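*Asks:* model the following, please.
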Amino acid sequence: MDWNAIQQYLPLYQKAAVLTVRLGVAGIIFAIIIGLVCAVIQYDKVPVLRQIVGVYIQLSRNTPLLVQLFFIYYGLPKVGIRTNAEICGIAGLAFLGGSYMAEAFRSGLEAIEPIQTESAYSLGMDRLQTMRYVILPQAMSTSMPAFMANVIFLLKETSVFSAISLMDLMFTAKDLIGMYSKTIECLFLLVAFYLIILLPVSIVGSLIERRLRYAGFGS
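*Replies:* Prediction:
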């Protein structure tokens with residue numbers, strides 16, 4: 001192990017890690033919004049929109065993120081829609097993640113007993129209040145394990161951003177290996193930075209799940 005090389009490459013990996021986290025967090029935020037909207041549409045069985053959401057979920061979950069990125073990055077400019085690589089990366093992650101989040105949230109919504117809704121209505125709550133104060137808080141608690149698994153999954157999926165020339169961790173590692181043939185050192189830094197990013201997320205997610213379980217939610 002060449003520690004001098006590791007010290008030399010460290011700033012490049014730090015810069016790449018910042019880009020990876022920034023794009024990953026942005027993509028996950030949009031994925032949560034898309035997933036929540038789609039889950040509510042499915043839960044409420046909204047005509048037409050429910051079918052559209054179903055097609056989107058099947059299309060998104062059954063095609064690789066790499067293919068989706070290629071379509072956004074290389075395909076959309078052919079029809080006059082031009083964006084930069086970072087926006088394409090966020091859009092691809094949101095498109096893929098939205099379908100997984102939608103299924104996680106839907107499972108949480110469908111786990112709520114109908115008596116909860118009926119009780120809320122009997123107390124004088126309207127549809128929006130019932131969804132906001134009764135259904136969604138319990139559904140989010142039930143969905144937490146799947147939600148955290150999806151967050152970790154999407155952060156790991158950022159590794160394919162290198163295919164559209166984004167200087168993320170994977171691109172940096174491949175570039176340095178190609179130039180200097182320091183495979184062990186580059187892979188060591190790659191694994192170390194992914195652990196630095198993902199391990200805290202995993203630990204925090206486990207703590208949240210445990211706390212919700214002790215509080216009586218999601219049971």
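*Asks:* okay, CA-based contacts and neighbour counts for the rest of this
*Replies:* Will do.
*Asks:* measure the residue lying farthest from the centre of the chain to residue 69 for me?
*Replies:* Centroid-distance maximum for the chain: residue 122 at 37.2 Å, with Cα atoms, centre = their mean. Residue 122 is 48 Å from residue 69, where distance means Cα to Cα, to the nearest Å.
*Asks:* ditto for residue 166
*Replies:* Taking Cα to Cα, one finds residue 166 at 12 Å from residue 69.
*Asks:* of the two, who's got more company?
*Replies:* Using other Cα atoms under 10 Å as the criterion, residue 166 and residue 69 rank with residue 69 on top: 24 against 21.
*Asks:* that one touches residue 87, doesn't it?
*Replies:* No: the criterion here is Cα atoms under 8 Å, and residue 69 misses it with residue 87 at 10.4 Å.
*Asks:* distance of the residue farthest from the centre of the chain from residue 3?
*Replies:* In terms of Cα to Cα, residue 122 sits 68 Å off from residue 3.
*Asks:* kindly report the same for residue 45.
*Replies:* 58 Å.
*Asks:* other SSEs contacting the helix or strand hosting residue 108?
*Replies:* Using DSSP states H and E, residue 108 sits in helix 85-110. Secondary-structure packing of helix 85-110 (3 or more Cα pairs under 8 Å, 6 or more residues apart in numbering; DSSP states H and E): helix 3-44, helix 49-61, helix 65-70, helix 136-157.
*Asks:* where does the chain have low pLDDT?
*Replies:* Applying pLDDT under 70 to the chain flags the ranges 212-219.
*Asks:* kindly check the end-to-end length of stretch 146-165 for me.
*Replies:* Taking Cα to Cα, stretch 146-165 runs 31 Å from one end to the other.
*Asks:* and what of stretch 71-85?
*Replies:* One end of stretch 71-85 sits 12 Å from the other (Cα to Cα).
*Asks:* next, the buried residues of it.
*Replies:* Buried residues in stretch 71-85, counted by 16 or more other Cα atoms under 10 Å: 72-73, 85.
*Asks:* contacts for it next, please.
*Replies:* With contact meaning Cα atoms under 8 Å, 6 or more residues apart in numbering, stretch 71-85 is reached by 88, 92, 164-166.
*Asks:* same question, stretch 145-159
*Replies:* 20-21, 23-25, 28, 65, 93, 97, 100-101, 104-105, 168-170, 198, 201-202, 205, 209.
*Asks:* gap between residue 105 and residue 14?
*Replies:* Residue 105 is 34 Å from residue 14, where distance means Cα to Cα.
*Asks:* one more: residue 78?
*Replies:* To residue 14, residue 78 is 35 Å away according to Cα to Cα.
*Asks:* what of residue 41?
*Replies:* For residue 41, the distance to residue 14 - Cα to Cα - is 41 Å.
*Asks:* neighbour count: the two, which is higher?
*Replies:* The residue with more neighbours, out of residue 41 and residue 14, is residue 41; 21 against 15, by other Cα under 10 Å.
*Asks:* for the closest residue in space to the more buried one that isn't next to it in sequence, give me its contacts.
*Replies:* Using Cα to Cα, 6 or more residues apart in numbering and skipping the chain neighbours, the partner closest in space to residue 41 is residue 50 (5.9 Å). Shown in contact with residue 50 (Cα under 8 Å, 6+ apart): 38, 41-42.
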